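Trainee: Pasting a predicted model and its sequence here:
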Amino acid sequence: QVQLVESGGGLAQAGGSLRLSCAASGRTFSRYAVGWFRQAPGKEREFVAAITWYTAYADSVKGRFTISRDTAKNTVYLQMNSLKPEDTAVYYCAARSGSGAVQTSMMEYDNWGQGTQVTVSS
């Protein structure tokens, strides 16, 4: 098990940028696949991006968001550029052991952070 703590959320204007961080404590984070999910009010939690030995993105964020990993800092980042009001949500990072194929389903992840709020104003 790993403990995950997200940070970096806040308020941004449309077209702006934010960088979210997901810091892990516990076991070697580099051995875990990590995903970012988000949940907007009244909507289901949805996949945003994930990283194993490669990266994958939801179509809605492709070309605007970048997921990356700093193994020395045990941290995964989500760089969000060209933000849109529809990106407003609580963002969660999640981890699962193993470095196989990217998983986009919430059910595949068994470690979750507490979430960080991202609000994009128009």
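Mentor: Perfect, I can see it now.
Trainee: residues of stretch 55-75 that come out buried?
Mentor: Buried positions in stretch 55-75, judged by neighbour count with 16 or more other CB atoms under 10 Å: 56, 57, 58, 61, 65, 66, 67, 69, 74, 75. Any C-beta I mention is one placed from the backbone N, CA and C, and that applies to glycine too.
Trainee: how much space between residue 45 and residue 25?
Mentor: Relative to residue 25, residue 45 is positioned 23 Å away (CB to CB, to the nearest Å).
Trainee: still on that earlier bit, how about the buried residues of stretch 55-75 in a markdown table, adding distance to residue 112?
Mentor: Converted to a markdown table, the buried residues of stretch 55-75 look like this (distance: CB to CB, whole Å):
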| residue | distance to residue 112 |
| --- | --- |
| 56 | 19 |
| 57 | 20 |
| 58 | 18 |
| 61 | 19 |
| 65 | 19 |
| 66 | 21 |
| 67 | 16 |
| 69 | 18 |
| 74 | 16 |
| 75 | 16 |
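Trainee: Quick check: residue 92 vs residue 22, distance?
Mentor: Counting by CB to CB, the separation of residue 92 from residue 22 is 9 Å.
Trainee: Overlap in contacts, those two.
Mentor: 6, 36, 113 (CB atoms under 8 Å, 6 or more residues apart in numbering).
Trainee: When residue 45 and residue 25 are compared, which one has more neighbours?
Mentor: Neighbour comparison, residue 45 and residue 25: the larger count goes to residue 45, with 16 against 10 (by other CB atoms under 10 Å).
Trainee: spatially speaking, which residue is in the middle of this structure?
Mentor: Centrality entry for the chain: nearest residue to the mean C-alpha point is residue 36, 2.5 Å, by CA atoms, centre = their mean.
Trainee: Tell me who's in contact with that one.
Mentor: Shown in contact with residue 36 (CB under 8 Å, 6+ apart): 20, 22, 48, 49, 50, 67, 76, 78, 91, 92, 93, 94.
Trainee: just for the protein, where's the confidence low?
Mentor: Along the chain, the parts satisfying pLDDT under 70 run over 27.
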